[in-house]
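S.K.: any chance you could fold what I've pasted below:
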Amino acid sequence: MADELTSWVALLRGVNVGGGNKVPMADLRQLAEGLGWRDVKSYIASGNLVFRAAPGDLAAVLGGAMQAQMGVDVPILVRSQAAFQDALAHCPYPRDAGKTVHGFFCFDVPVIDHVAYRGLAVPGEAVSVKGDLVWVHTPHGFGRSVLAGKIGRVITGTGFTARNLNTIHKLSEMLDG
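M.R.: Residues are numbered from 1 along each chain as shown. Prediction:
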């Protein structure tokens, strides 16, 4: 059965942010292991899991278990190792851009409001769409960027969860390991 398992990454939106949706990562790992998932690892406290499991509606399974056992209901996106690493391979920004590049993983195909984008971006900032992933480059700092702070006006038609490029690289390494 172990050979039938696929490697996955789960990205939980809004976990342990601003004091809400508190989910200890040790508890989340234990919950995932209780689902029969293997080699479960978490990365930082913001809701990143890497694991092996048989294909299925893993986001719904994890979400249902979290709601039942932890009382936490958050959007969850699950990507296969191949899809996650393919997305990273198509990042249009330098590998060492670190915290100045964020991947916004969308739950559906995003629609970019170009009028809002042009009104919020400063010179050097950029948005690039690759399927259901929106890359946002804020070379002057993500926390300082008006574009980043109002990205929900630019990325429309779907919900999303974001990770900086450093985190995306680390999750990719964890998928390989």
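S.K.: for this protein, what spans make up the strands?
M.R.: Counting by DSSP state E, the chain has strands at residues 6-12, 38-42, 48-53, 76-80, 101-106, 111-112, 126-130, 133-137, 155-156, 160-164.
S.K.: turn those strands into CSV, including distance to M66.
M.R.: C-beta: built from backbone N, CA, C; applies to glycine. As requested, the strands of the chain are arranged in CSV below (distance: least, CB to CB, whole Å):
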stretch, distance to M66
strand 6-12, 8
strand 38-42, 13
strand 48-53, 11
strand 76-80, 8
strand 101-106, 18
strand 111-112, 29
strand 126-130, 29
strand 133-137, 24
strand 155-156, 25
strand 160-164, 15
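S.K.: right, and the ones you listed - which one's nearest M70?
M.R.: strand 6-12 (11.2 Å; CB to CB).
S.K.: helices or strands up against the closest one?
M.R.: strand 48-53, helix 58-70, strand 76-80, helix 81-89, strand 160-164, helix 165-176 (3 or more CB pairs under 8 Å, 6 or more residues apart in numbering; DSSP states H and E).
S.K.: list the strands paired with the third one, with their directions.
M.R.: What it means is strand 76-80. strand 6-12 (antiparallel) (DSSP bridges).
S.K.: which stretches of the protein have low pLDDT?
M.R.: 1-3 (pLDDT under 70).
S.K.: need the winner for burial among the helices and strands packed on strand 6-12.
M.R.: Of all the helices and strands packed on strand 6-12, strand 48-53 carries the top mean neighbour count, a mean of 22, counting by mean count of other CB atoms under 10 Å.
S.K.: got the contact list for that strand?
M.R.: With CB atoms under 8 Å, 6 or more residues apart in numbering as the test, strand 48-53 has contacts from 2, 5-12, 28-29, 32, 35-43, 62, 163, 167, 171, 174-175.
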